[in-house]
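Enquirer: Task: produce atomic coordinates for the following.
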Amino acid sequence: MKENNSSSTPSWLSCSFKCFPMSSSSSSSPVKEKQEKYDIVEETTTPKRKPGGWRSMPYVLGNETFERLATIGLLANIMVYLLNEYHMDQVFATNVINIWSGTTNFGPLIGAYISDAHIGKFKTLAFASIASLLGMISLTLTAAIPQLRPPRCTKIQLQRDQCMGPTKGQLGILYMSLGFLSIGAAGIRPCSLPFGVDQFDSTTDEGRKGIASFFNWYYFTFTIVIMIALTLIVYIQDSLSWVWGLGIPTSLMFCSIILFFIGTRVYMYVPPGGSVFSGIGQVFAAAYKKRGLKLPSEEELPHVVYDPSVKGTTITSKLPLTHQFSFLTKAAVVLEGEVGEDGSRLDKWSICSVQQVEEVKCLLRVIPIWASGIICFTSMSQQGTFTVSQALKMDRHLGPKFQIPAGSLGVISMLTLGLWVPFYDQILVPRLRKITKHEGGITLLQRMGIGMVFSILSMVVAGFFEEKRRASAILHASPDGIAPISVLWLSPQLILMGLAEAFSIIGQIEFYYKQFPEHMKSFANSLLFCTMAGANYLSSTIVSIVHGNTGKDGNPDWLDKNINKGRVDYFYYLIAAMGVLNLVYFLIVASRYRYKGEVPVEGEDTPIDIELSKAKHIDN
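Expert: Modelled structure (predicted):
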């Protein structure tokens with residue numbers, strides 16, 4: 001798994017500057033001998049309005065901060081809300097959370113497309129912010145109005161498992177609230193960061209410094225939001241009132257929208273420029289039209305393809321022609337009548353440039369690696385569901401009076417990640433670099449593989465401690481089913497999960513960023529959300545299959561409504577076994593992976609990699 005090194009090494013976490021920008025330039029030459037004739041310089045449109053710079057930041061950062069505060073605080077504790085306030089069994093509640101989380105993580109792909117191809121970032125953010133506010137208001141109303149949720153359950157009803165569940169109407173209001181939140185996240189998440197970057201003039205030193213500083217502040221506020229959401233907001237929801245715990249983020253979101261619209265006078269508005277999906281579609285369409293074409297020999301091929309100069313474009317490195325996925329190479333072969341005298345394409349859906357074709361090949365090469373991350377993330381997704389169920393049936397007291405909220409246990413994984421990454425980056429990597437002679441200490445694929453190993457170990461340890469917790473609950477539990485064992489015994493599995501995130505999530509984002517060309521950097525960054533979405537949907541599927549096929553012939557239902565009667569430990573071991581098979585698959589596809597090549601564009605000495613700020617990215 002030898003990895004190509006670029007001219008500069010991105011930091012340990014990546015995020016792109018643009019939100020699904022246009023696919024590569026289409027202007028190029030059909031044959032090498034006439035390359036100069038067909039070279040076309042792409043002109044970039046310079047906005048007339050002067051960038052707002054730091055004057056715009058309170059409005060941009062405020063909008064993103066409060067959206068995250070609401071959704072992360074909700075996601076961390078929604079399992080408790082559904083179990084205690086809606087009296088759902090854990091299987092139903094888990095499926096609701098997984099499907100909602102999966103939809104929320106897929107949503108940014110759609111939001112980015114709408115923004116880039118149609119209405120622009122500002123309008124997308126405006127509509128999405130209003131949708132997010134409507135979702136938060138609706139959810140707060142479910143806590144404030146008793147008729148919108150099931151009646152409270154007495155201790156006797158709880159012990160006898162006789163609590164009334166939600167009606168169809170009550171579920172409809174809940175689903176509507178979560179739907180609005182998903183729409184809000186779909187527009188805010190892919191556009192808030194690039195919209196902030198748009199406010200600086202990247203052609204000046206001051207603007208470039210502002211962008212770098214903006215990233216630092218962006219991720220600083222993001223980290224603060226996570227800490228507040230997992231501690232203060234969850235504590236208010238769990239110990240004081242759900243009305244206040246949901247109402248406070250709702251009111252803050254309302255204030256952020258007011259601030260966002262106040263800033264309209266200072267914003268820089270960059271018009272939509274097209275979506276990366278159009279370029280991908282053009283390659284497949286052109287390749288399909290030419291599916292019967294016989295490719296010339298490898299020696300002749302470079303002279304008959306549409307391969308332009310990209311001088312003057314925003315591309316700083318050009319992808320060379322490769323012979324892998326040769327069926328796509330046909331899309332770049334020039335036939336009579338496809339290229340005009342000036343070198344421009346007459347039909348973008350019939351002929352594509354080599355750059356476009358190679359961008360799609362990059363995507364196809366990455367897909368097997370991307371797929372291997374889904375099961376790894378399935379392990380991580382259990383933190384917000386069954387781990388919370390475990391915590392609710394354990395002693396959560398920290399001292400005589402204070403009780404740790406079940407939804408706040410995710411802080412352990414976060415602290416592990418926060419402590420490990422600086423140690424890894426500043427201490428371990430320099431030492432590994434001396435041994436391996438590799439720029440990053442180990443390759444990104446090796447880093448992702450280590451993350452998978454930690455995710456497997458976390459599920460094995462989770463199963464072991466769940467077995468101990470269940471035995472303690474059966475032998476010594478109080479009438480409410482709480483085992484006399486400290487909730488801190490869940491720390492080992494959460495620490496291992498934090499290490500899995502540190503290796504796998506960060507490794508994946510940097511891997512995607514390096515393996516895609518400039519015009520697909522944001523698309524690469526969105527793949528992480530797609531992995532999380534796939535993991536959420538897979539987790540829901542596994543839960544449904546396990547619940548439907550266990551509990552027969554006198555055997556216990558692994559995911560029984562009463563966790564003390566179920567065998568969640570077996571469920572954890574099942575995910576661990578799937579993780580082992582997935583690791584074998586990953587090792588096979590990683591060993592066969594071919595890294596992308598690149599050459600400098602005309603006028604450039606080396607490819608330029610965008611310097612990225614160090615940050616932490618968490619699934620919500």
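Enquirer: Show me the longest strand that occurs in this structure.
Expert: Counting residues, the longest strand found in the chain (DSSP state E) is strand 483-486.
Enquirer: So residue 77 versus residue 139, what's the distance?
Expert: 12 Å (C-beta to C-beta, to the nearest Å). For glycine as for every other residue, the C-beta is placed from the backbone atoms N, C-alpha and C.
Enquirer: oh, I was asking about residue 231
Expert: 20 Å.
Enquirer: what about those two, which has more around it?
Expert: residue 139 (27 against 16; other C-beta atoms under 10 Å).
Enquirer: now the more buried one: how far from residue 174?
Expert: 8 Å.
Enquirer: for residue 583, same thing?
Expert: Residue 583 is 37 Å from residue 174, by C-beta to C-beta.
Enquirer: quick one: which of these two has more around it?
Expert: Set residue 583 next to residue 174 and count neighbours by other C-beta under 10 Å: residue 174 wins out with 23 against 18.
Enquirer: From what I see, the more buried one and residue 166 are in contact.
Expert: Yes. The pair residue 174 / residue 166 is scored as a contact, 7.2 Å apart, by C-beta atoms under 8 Å.
Enquirer: okay, and the common contacts of the two?
Expert: residue 86 (C-beta atoms under 8 Å, 6 or more residues apart in numbering).
Enquirer: same for the strand or helix carrying residue 328, what does it pack against?
Expert: Assigned by DSSP states H and E, residue 328 belongs to helix 326-329. Counting contacts by 3 or more C-beta pairs under 8 Å, 6 or more residues apart in numbering; DSSP states H and E, helix 326-329 is packed against helix 276-289, helix 354-381.
Enquirer: quick check, distance from the shortest one to the centre of its chain.
Expert: If I follow you right, that is helix 276-289. 25 Å (C-alpha atoms, centre = their mean, to the nearest Å).
Enquirer: Now do the buried residues in it.
Expert: Buried residues in helix 276-289, counted by 16 or more other C-beta atoms under 10 Å: 276-277, 279-280, 282-283, 285-287, 289.
Enquirer: That helix vs helix 354-381, what angle?
Expert: Interaxial angle, helix 276-289 versus helix 354-381 (axes from the mean of the first three to the mean of the last three C-alpha atoms, to 10 degrees): 120 degrees.
Enquirer: and helix 276-289, what does it pack onto?
Expert: Against helix 276-289 (3+ C-beta pairs under 8 Å, 6+ apart) you get helix 326-329, helix 354-381.
Enquirer: elements contacting the helix or strand just after the last one?
Expert: Pointing back at helix 354-381 there. Scanning forward in sequence from helix 354-381 by DSSP H and E, the next helix or strand is helix 386-392. Judged by 3+ C-beta pairs under 8 Å, 6+ apart, helix 386-392 is in contact with helix 57-84, helix 90-114, helix 444-476, helix 568-591.
Enquirer: Let me see the residues that make contact with the very next helix or strand once past helix 386-392.
Expert: Under the assignment DSSP H and E, the closest C-terminal helix or strand after helix 386-392 is strand 394-395. With contact meaning C-beta under 8 Å, 6+ apart, strand 394-395 is reached by 469, 482-487, 489-490.
Enquirer: Buried among these? Need that as a selection in ChimeraX.
Expert: To isolate the buried members of the contacts of strand 394-395 in ChimeraX, using 16+ other C-beta under 10 Å:
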select :469,482,483,485,487,489,490
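Enquirer: and residue 133, how many neighbours does it have?
Expert: By other C-beta under 10 Å, neighbour count at residue 133 equals 22.
Enquirer: Which pLDDT value belongs to the residue nearest the centre of the chain?
Expert: Nearest residue to the geometric centre of the chain (C-alpha atoms, centre = their mean): residue 529, 2.4 Å. At residue 529, the pLDDT value in this model is 82.
Enquirer: Next, work out how far apart it and residue 523 are.
Expert: Per C-beta to C-beta, residue 529 is found 11 Å from residue 523.
Enquirer: Also residue 330?
Expert: From residue 330 to residue 523 the distance is 23 Å (C-beta to C-beta).
Enquirer: Looking at those two, which is more packed in?
Expert: When neighbours are counted by other C-beta under 10 Å, residue 523 comes out ahead of the other of residue 330 and residue 523, with 26 against 22.
Enquirer: and that one, what helix or strand is that in?
Expert: Going by DSSP H and E, residue 523 is part of helix 521-549.
Enquirer: which strands and helices sit next to that helix?
Expert: Packed next to helix 521-549, using 3+ C-beta pairs under 8 Å, 6+ apart, are helix 90-114, helix 168-198, helix 354-381, helix 491-515, helix 568-591.
Enquirer: Mind putting those into TSV with distance to residue 464 and mean pLDDT?
Expert: TSV is the format used below for the helices and strands packed on helix 521-549 (distance: least, C-beta to C-beta, whole Å; pLDDT from 0 to 100):
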stretch	distance to residue 464	mean pLDDT
helix 90-114	20	87
helix 168-198	34	87
helix 354-381	15	90
helix 491-515	9	86
helix 568-591	7	94
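Enquirer: CSV for the ones you listed, including distance to residue 306?
Expert: Shown next, in CSV, are those (distance: least, C-beta to C-beta, whole Å):
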stretch, distance to residue 306
helix 90-114, 26
helix 168-198, 30
helix 354-381, 7
helix 491-515, 24
helix 568-591, 31
